[in-house]
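K.L.:
for reference, the sequence and a predicted model appear below.
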Amino acid sequence: MLKRLIPLIILAIGIAGFMALRFTRPEPAPVEAQERSWPVEALNVSLGEHVPVLPLFGEVVAPEMVNLVAPIAARVAVRPVSDGQRVSQGALLVALDEDELLSPLRQAEAEVADLEAQRENEQIRHENNRRVLTQEREILASANRQLERSRSLAGRNLTSQADVDAARDAVARAQLNVSARESTIAEFPSRLASLEARLARAKVIEENARRDLERGRIHAPFDGRVTRVQVAPGDEVAAQVSLLSLYPVGGLEVRARIPQRFQAELESALEAGTPLIAVGDTDAQRFVLERLAGESDPIGIEAIFSVQGQEHGLRPGAMVTVQLRRPAVANALAVPYGALHGADLIYRINDDNRLERQRVERLGETRRQDGERWLLVRADALESGERVMSTHLPNAVQGLRVEVSNGEGQNP
């Protein structure tokens, strides 16, 4: 009997021990659900006047570049300059063979001298014709008197008819000589005018040849830089063939296309006399917006900048990146591009460290002292001293709890 109770006693002892342990166990600490906060950086809102910049990509051009050509076909004698060389006004650039330039001039001078001699001979001949005409008229008058005497004598049978005919022939010959002389004198003005015209044409040819001789030694018309050299000493060049080009020092411009939406703003600033400055990749390169091009297209309009100060290695044809400083805007906030969510959304951090969605107006971008580019925005609901999130948070939503990791909204 006792043997049968032993297993039941052991089972009862086990159950009693389990129950004792269960009632004497320590109570676990209650678990409370905590909301997660996301670490972000923030910056204080500081509204003020900022100067937005407009990045542009432009081309360096030389509008005053001159192309020097050969006046006539000739051989290049010397070319003392090289491509890219800087020259002073009056410096020799190219000299053509002088003998080849002198040949047309000598021919023209000979033609002028011949025509001047012909004009002088024609005037002398005209004076002689006038004197001879007086004599021939006297001869004609004498022949007429002789004819009258012969007729009178023939009427009295004192001379033969042959003498009368001879006298009549003498009158006819004298009259023919007078008529021919008068015709020659009458043609003198037209012959002289023809010679004068030929002489004037020959003098023009002589002047052109003399000018070509002077132009055969090509000098720099201004202080400039040589470019586009296309000939070498010894080359045979044709008339009007390009020899080289020259552009003035300090005469470079930068032409960049400006988007259409900025045209009205820049035109107003130019009309008001507001200086619009652009800087290059380095602050050493500075440009001034002088004017906008006369034509536009749907993409935009070309802006023309003059180079301020030294050229700093600029050459025509080079492509440069410039930052145009647009007119200043008031009540603007500069934020890093990472603070922007979407096209026009930033988040304000309220006193409970929760995000509040805020729509903004994009005003452009600004350049900080360290060279970093920030976005300029404006929002009527933002006030100075508030905090905005400067970290781009992909899961940012209205009311999300955040933890500012850079202190009380200091600029990162």
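P.N.:
Nice, I can see it.
K.L.:
tell me who's in contact with the nearest residue to L246 once chain neighbours are set aside.
P.N.:
Excluding its sequence neighbours, the residue lying closest to L246 (Cβ to Cβ, 6 or more residues apart in numbering) is G224, at 4.5 Å. Glycine gets a C-beta too; all of them are placed from N, C-alpha and C. Taking Cβ atoms under 8 Å, 6 or more residues apart in numbering, we find G224 in contact with 86-87, 246-249, 251.
K.L.:
for V132, same thing?
P.N.:
R181.
K.L.:
try it again at 10 Å.
P.N.:
With contact taken as Cβ atoms under 10 Å, 6 or more residues apart in numbering, V132 is in contact with 177-178, 181, 184-185.
K.L.:
then R211?
P.N.:
Listed by Cβ under 10 Å, 6+ apart, the contact partners of R211 are 71, 105.
K.L.:
so it, which of the three states?
P.N.:
Counting by DSSP: H, G, I helix; E, B strand; the rest coil, the backbone at R211 sits in helix.
K.L.:
distance of it relative to A74?
P.N.:
Distance from R211 to A74, counting by Cβ to Cβ, to the nearest Å: 14 Å.
K.L.:
SS state for the closest residue to Y337 other than its chain neighbours?
P.N.:
Residue nearest to Y337 in three dimensions, not counting chain neighbours: L375, with 5.5 Å by Cβ to Cβ, 6+ apart. For L375, the assignment made with three-state DSSP gives strand.
K.L.:
count the residues that sit near L375.
P.N.:
Number of residues near L375 (other Cβ atoms under 10 Å) recorded here: 21.
K.L.:
try A162
P.N.:
10.
K.L.:
if I look at R401, how far off is E386?
P.N.:
17 Å.
K.L.:
neighbour count: these two, which is higher?
P.N.:
Per other Cβ under 10 Å, whichever of R401 and E386 has more neighbours is E386, with 20 against 13.
K.L.:
give the contact list for that one.
P.N.:
Going by Cβ under 10 Å, 6+ apart, E386 touches 42, 44-47, 333, 348-351, 356, 358, 409.
K.L.:
all helices for the stretch 151-300 of the chain, in order.
P.N.:
Listed in chain order, the helices of the stretch 151-300 of the chain (DSSP state H, counting those that start in this stretch) span 161-186, 188-215, 263-271.
K.L.:
ranking these by mean pLDDT, which is last?
P.N.:
Comparing mean pLDDT over those, the weakest stretch is helix 161-186, at a mean of 82.
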